[in-house]
Each structure stands twice: as C-alpha cells, then as structure tokens.
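# Test case, fold it:
(2 chains)
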Amino acid sequence: MSETTHSGPMLAADGTPLKRSLARALRRQKLRALALIAPLLIFVLLTFVMPIADMLSRSVENDIVPDTLPNTVVALENWDPTTGELPGEDVYAAFAVDLVAAVDAKVHTRLGTRLNYENPGISSLFRSTGRDVNKWNLETDGPFKEKFIEADKDWGDIEVWKTLKRYSGHYTSGYFLNAADLENTATGIQLRPEEQRIYATLFIRTMWMSLLITGSCLLLGYPVAWLLANLRASTSNVLMILVLLPFWTSLLVRTSAWKVLLQQQGVINDLLVWVGLVDDANRLVMINNQFGTIIAMTHILLPFMILPLYSVMKTVPPSYLRAAKSLGATNWTAFWRVYFPQSVPGIGAGSILVFILAIGYYITPELVGGTQGVFISNRIAFHISSSLNWGLAAALGTILLAAVLLLYYVYDKIVGIDNVKLG
Amino acid sequence: MTDQGAADAFVLFDRVQKSYDGETLVVKDLNLSIAKGEFLTMLGPSGSGKTTCLMMLAGFETATHGDIKLAGRPINNIPPHKRGIGMVFQNYALFPHMTIAENLAFPLEVRKMGKSEREEKVKRALDMVQMGTFGGRRPAQLSGGQQQRVALARALVFEPELVLMDEPLGALDKQLREHMQFEIKRIADGLGITVVYVTHDQTEALTMSDRVAVFNDGVIQQLAPPDVLYEEPENSFVAQFIGENNTLEGVVKEINNGVALVQLDDGELIDCKPVNVSKPGERTRVSIRPERVEVNKARLQAGAHTLKAEVMEFIYMGDIFRTRLRVAGNDEFIVKTRNAPDQRRMQPGEQIEIGWLPTDCRALDA
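Coordinates of the predicted model:
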C-alpha cells in the first residue's frame, strides 16, 4: 500500500506522472475528433462567428473620418467649439489638403454620406465642394477659410465643424445613439425630436408582437401536439404530415396565400359579406397591418411550437394520467396537476424557438405588415440595402442580439434552461 | 366455478365481453366473483385479456357487454376517479415533478382533506412501507424497489377497499421481486383489503394469491387456489403454463373406476387419472410433473408404473439435478431429482427405467 502514503502525483508504470501519461494517450483521440468536426467548425466560423464579429465592430467603427481627413482631425483637436467661433485658418488649410487627396481618390462622397447620417445636408456640401476643389492650387490659393466659405456658405456654419470634430475618432457611439432614438448634440446626449423617433417604437412593437405570436402559437399548438402524442400511430402520422406540410411549401407562397385570404376583396371578406356578418361597404381590414402580420406569422411559426411540444409530450406516459384518475382526480385536475407540469419543458423550448424566430423575422412582416406591422428587422434590411447605412444597421442588429441574449438569460434564471427539451 | 355465491361477491364480473375492433373478442364471456379481503391473481400470457379485465375494473376501458359490480353496485358508468379503487401501475407512474410526500398527498388533496390530517396519513402510509424518511425526495432519486414501495403506499393512502396491481414487480430484479411479493402480501393481509393482481409470472401468482385465475385467449381456463392449480390442472393449457410439465401424447383405450388406460403413440400402455377425457378413442395429452417422476428403482412405490427411458442430458443445478430423457418418443421429458447423498448422476446415453404413481399422471385434453 505504498501508493496511499505517496505524497506526490500518481505515477504510471513507467514512472511518468499519470496525468501526463493519460493526456498523451488521449491526444490522438482528441486530434481525430477535432479533424472530424473541423469542416463544420470552419464553416460556422466563416459564416456565423465572423459576420457577427464584423457586425459588432461595424456598429462602433468610424475609421472613415480619421482615414480620409487625417490632417483635419489633428488640426481640429486644438479647436474649442464651445467658444462659438469658427475654426482657424490652420484647420481650413489642413481640410483643403485632405479634401484634394480625397477627391483624387474619389472617396469624398462616401465621407459625405457617412457624415450626412449625423448632420443631414453634409453629403451635398461635400459633393459640390468636391467639384471646386479640383481646380484649387494648394500652394498658392490660400487662405482657404474664405475660399471654402466662398465655395459654399455652409462651410461657415459652425454646426458642420462641430459634427466633423465630434465624429473624428476611430470609434463612435453615434450609431447606437441613433438606434436608440438619441442624438449627440453640442449640449450632450438627448432624445431626438419626436417625429424622428422610430426605433424604440419598432423595438417595442417587435417584442410585443413576437410575444403575441408566441402566445397564439402555444394556444393553437398545444392541443395539436397533445393529439399527435396521444392518438394511434397511424392517425398521428397523418396529422404529423399535415403539421409538416407547410415546410414543403415556399415561405413566400404561404405568405402570399394569406394576402389572398385576408385582403379586402379576399376570400374571408367575401365569405363574411356573403353570410351577412359584414357590410359590403365596411369590409374588414385584415392585411397590411399588425393583424395580418400576427395571423401569417402564427401560421408560419406554428410547427416550431408543435414539434418540441410533441417530442416532450411523447415522453409522458399515459399511465400518469390514469394514475391520477385512479387516485381520484377529475380529468381537469389530472391534466393540470400531472400532465401540464410535465409538458412545461416543451412549452419552454417551443416558446423560445418561436419567439427568437419571430423577433428576427423579415419576409412576412415585409409582405403583409404594411407600415404598422413591420418589425425592426425590416428597418435593418432597409439600412443594409437601401440607405446603405451599415453602421446603423449593425447597431440595430447588435441591440437585437443583446435583447435576445438578455431574454434567454432571464428565461434561464426564471425557468432554468435545463428545463428546455427539444426531444 | 366459484366457492362464493355471486350474491355476496365484493367484485363481480357478470358475462363481461370486450372487443376493441368490433371483430374479435379480447375478453369472452367473463364471469368472476371476488370475495372481500381476497387476494386474487389474474395470470396468463400477454394478450390473454387479463390486463383488459383489470382496466375495465379500474374504469379505463368500458365493457362491450355485461356488468361489472363493486360491492353490489354496477360501476360500468362510473368514471375512474369516482370508483375509489387504488391502483399500482407497471412502471409505478409516480409523478416525477412531485416529491414522494406530494405524490402521496395527491389523492388526499383531490379529496379536499385538511392539511394536518393529510400529513398524518402520508406519514403513516410511508411508515407502513418503511419509507418514512424519504418524503422529501423525488421519484428519480429512488431505486426501483423504493419506487415500488412508494407506489404501493400511494395506492393505499386513501384507504381504498379494493386495490388493483398491474404487474407491479415486473421491473425489479429477482431477489427484490421475491422480497416485495412477501411484503405486498403482508401489507394486504394486514389491512384486510381486496387485491386484484395481474401478472404473467406464475411463481408470483402461486406464492401470493388466495386464488389464481388463469387466463388464455380471453377465457378463464381455471380458477383455483395455488396448490389445486399446480397439482390438479384442469386442462393441458393450465398444466403447461403453471410450473414445468411433461406431456406424452396418446389415445384413451378405456376408462374404468376413475382410471384411464392410455396407449401412448409408441404403443406403450399406461394408467392415468382421467381429467377431461370421457370416452375411449379420444386423443389425450398425459401430463406429469418432473418432480413426481422417480428414477431410483429402489424407491418406487407399490403400484407405480414403469417405462424405459434414455438419458439425453444431465444438468447440475445445485440443489437439484435436471435430467432430460427420451421417453415414449418424446426427448424433452424432464426429470428433477433432489441432490441427495444417494442420488446418482446419470450419464447421457444411459438406459434407465423410470416410474410414477398413476394418480400423478393426468390425462388431459389433446
């Protein structure tokens, strides 16, 4: 029993420490396992992790200003905007040098677009001045302050220079402020004018509509999942095909079908008018609003609720219900006290799945949402593809990601993520 | 058929039939009366209708035809939760999201019993199955045997007069099963409750029951106390199903004074006790228990019948020897002999003479 009195690390038969010996024995296995998952790992890294990292960096990145106007940024450091006076000639001279270089490289319009997000009007200022600057001689044509103001009187507007100075760093909080309906003005961070506040409304709408969709999916899906889990195998297989059928149809087709059904001259309105429930002159507006979005998205996301519910209910043996009844419980008590608590993991899984899918949904709200039923993701798409304000889109996306992670965390704290079963 | 009159029966199945598909009967014309305080076992192979009978009694299946009465009251239209019958399920069906104490309190809660009374009854029920200290645990934290005890306590805690058990020991290992058989019997006798117990394990049926109903093909083949069932099977299904059994096929030659002369298929003539053969010329299966066959000529009793046999295989099983013989063309003939000091170990190929008493040899239906 010398091992028990041995105080050092356990040794293998050849005298090497047991831990090292074990690690060496397992290394080959680990390497092989790694090689097997490497393709997926690389794929996920390239298509998932890197885009997210890129999005996160884009939401705060502001290299375009210091890169395009290196001299101006340095010169502006010494200017104190609180004095209310325009910057001195040194700033204008530096700006002239930078602008000429930028025009040569044809990047001044991009800078103009970037600064236009913060101070509308700057874009055209850069474009028009860019044309004049070409003819200037940097050696002889000073002083540039007058020349700029002569080219466009807006160069004499202190707000333009304040904007330039505020956004001269490599990183900016501007996109996030914008995404939160805030703006960074000379007097500090404050709410945007009321008519410009749209994102908070959109975020809140996205959240509560997703909640509503999750709720209606649960309400509709629970009985179906119960049937699937408790009917005879042959019948439940047919039902299961019906549940999965929508997956075999294009998302666009399903969404368009709802347009056909719900529009004012559509099937449902026609039917209601024919039955006499609705007056022909007052046909119901059920599409291109929130109602349409909720109906269509509930339909599309329903399988994502039913499947996890079904797989959890399948594991609850019918003998539990029988046991409860034999112990004297009525049908309802047996369901509520015995069956329902055991289906909670399925409710959790289905709800998380549907909610997270809904919160980022894009196509359906775009098609049937009108103006009142669009989600935050539609706005993100707009900034990606139309306004080309990728920084703002990235900031909105980051906030959305953070919100989902936060909700996930809260869910974990309240219900416990161990309680989620997908099958 | 029964030794109790149908009038004072506690549980009565009266001409009960059950069909699931409308084409075949799973239970065919079942008549059964169970006395108060009786431990009755329904024994049979799977698909024999025994579980269906239990489910009809519990109220989870409805009888297609006939009446089921509990304490004189027809219960066909009473829903399960109003029947007040305790039930122990095959896989215990303990509610996994409740503690043991909550599981036991459940039937009392739905009966709107006060908290202090509830707690006292739960404690008493747990003590009865020696699980008093486990009230705060969850079912998943208990072993199979412990879950079994809790399931039993839960079925008894609301003091039902009738308790149904559906193969409750099927999931336990052999040793634990034997222990629990004894335990269930002790508790049932102590409380004086009526138990209907379903199993396919004949040892379980024999050791626990007051009476055993052997089911096959939707019909009770024999309803009798365990010793009668084993020693005097009424037909060849029961003889085959209960315990080990040797059969020799033949034709009845004559029946005289309660003794049937049977000619076996290889021409040998033997005397048997006629059970369900009635006239000469009928084909029969002669049944004899392996332990009633004597291989030691010296110990053969007077009047014993002898036959030639060839040893096929000898198996040493510790307390007994199990010898496979070829007798009258049947080479699956088993003989069990006690491992006694004077007992010889036979070698395969050996020619021996075996014998038995004609009264141990029963001529049954073919």
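# tally of neighbours for residue 177?
In the absence of a named chain, chain A is used. 17 (other C-beta atoms under 10 Å in any protein chain shown). No exception for glycine: its C-beta is placed from N, CA and C like everyone else's.
# could you do chain B instead?
Around B:R177 there are 19 residues (other C-beta under 10 Å).
# cool, B:K50 as well?
B:K50: 28 surrounding residues under other C-beta under 10 Å.
# Distance check, it against A:A151.
102 Å (C-beta to C-beta, to the nearest Å).
# Could you do B:V122 as well?
Going from B:V122 to A:A151 by C-beta to C-beta gives 92 Å.
# Between those two, which has more neighbouring residues?
Set B:V122 next to A:A151 and count neighbours by other C-beta under 10 Å: B:V122 wins out with 24 against 18.
# do the helix or strand harbouring the more buried one and chain A meet?
Following DSSP states H and E, the helix or strand that holds B:V122 is helix B:115-128. No - using C-beta under 8 Å from any C-beta of the partner chain, we find that helix B:115-128 stays clear of chain A, coming within 12.5 Å at best.
# Let me know the average pLDDT across that helix.
When pLDDT is averaged over helix B:115-128, the result is 92.
# do stretch A:208-215 as well
Rounded mean pLDDT across stretch A:208-215 is 95.
# thinking again about what came up before, and the helix holding B:V122, how far from the chain's centre?
On the basis of C-alpha atoms, centre = their mean, to the nearest Å, helix B:115-128 sits 33 Å off its chain's mean C-alpha point.
# which outside residues touch that helix?
Residues outside helix B:115-128 that contact it (C-beta atoms under 8 Å, 6 or more residues apart in numbering or on different chains) are B:100-101, B:104-105, B:108-109, B:113, B:132, B:134-135, B:150, B:153-154, B:156-158, B:187.
# repeat for stretch A:223-233
By C-beta under 8 Å, 6+ apart, stretch A:223-233 touches A:236, A:239-240, A:243, A:305-306, A:309-310, A:313-314, A:316, A:318, A:346.
# Not counting residues beside it along the chain, what's closest to A:L401?
Spatial nearest neighbour of A:L401, chain neighbours left out: A:I52 (7.5 Å); criterion: C-beta to C-beta, 6 or more residues apart in numbering or on different chains.
# picking up where we left off before, follow the chain on from the helix holding B:V122 and name the next helix or strand.
helix B:144-156.
# What subset of the contacts of stretch A:223-233 is buried?
Listed as buried from the contacts of stretch A:223-233 are A:S236, A:L239, A:M240, A:V243, A:M305, A:I306, A:L309, A:Y310, A:M313, A:V316, A:G346; burial here means 16 or more other C-beta atoms under 10 Å in any protein chain shown.
# by contact count, what packs against the helix or strand containing the fifth one?
When secondary structure is defined using DSSP H and E, the element that contains A:M305 is helix A:290-313. Other elements packing on helix A:290-313 under the criterion 3 or more C-beta pairs under 8 Å, 6 or more residues apart in numbering or on different chains; DSSP states H and E are helix A:199-230, helix A:233-244, helix A:251-262, helix A:340-359, helix A:363-368.
# Chain B contacts on chain A?
A:317, A:319-320, A:322-331, A:333-334, A:337-338, A:341-342.
# how's the chain carved up into domains?
In the absence of a named chain, chain A is used. A:18-54, A:64-170, A:199-419 (automatic domain parsing).
# Oops, wrong one, chain B.
Taken from automatic domain parsing, chain B resolves into B:6-236, B:250-365.
# Between these, which shows the greatest average number of neighbours?
domain B:6-236 (a mean of 19; mean count of other C-beta atoms under 10 Å in any protein chain shown).
# Provide a list of residue ranges in the stretch 301-423 of chain A with pLDDT below threshold.
A:419-423 (pLDDT under 70).
# same thing with the stretch 1-150 of chain B?
Along the stretch 1-150 of chain B, segments meeting pLDDT under 70 span B:1-7.
# what ranges do the helices span in it?
Secondary structure of the stretch 1-150 of chain B (DSSP state H, counting those that start in this stretch): helices at B:50-58, B:100-109, B:115-128, B:144-156.
# residues contacting A:G156?
With contact set as C-beta under 8 Å, 6+ apart, A:G156 has these partners: A:L86, A:F148, A:I149.
# actually B:K18, sorry about that
Residues near B:K18 by C-beta under 8 Å, 6+ apart: B:L25, B:V26, B:V27, B:G49, B:T52, B:C53, B:M56, B:E61, B:A63, B:T64.
# Might you calculate how far the helix holding A:M305 sits from the centre of the chain?
20 Å.
# Can you give me the buried ones in that helix?
A:290-313.
# try stretch A:388-408
By 16+ other C-beta under 10 Å, the buried positions in stretch A:388-408 come out as A:389-400, A:407.
# thinking again about what came up before, just give the number of residues close to the residue nearest to A:L401.
Neighbour count of A:I52, defined by other C-beta under 10 Å: 12.
# Quick check: it touching A:A402?
No - with contact defined as C-beta atoms under 8 Å, A:I52 and A:A402 do not form a contacting pair (11.8 Å).
# What are the boundaries of the strands in chain A?
Assigned strands in chain A, in chain order: A:182-185, A:188-191 (criterion: DSSP state E).
# hang on, the earlier thing: nearest to A:S21 among the buried ones among the contacts of stretch A:223-233?
Here the nearest of the buried ones among the contacts of stretch A:223-233 to A:S21, counting by C-beta to C-beta, is A:G346; it sits at 45.8 Å.
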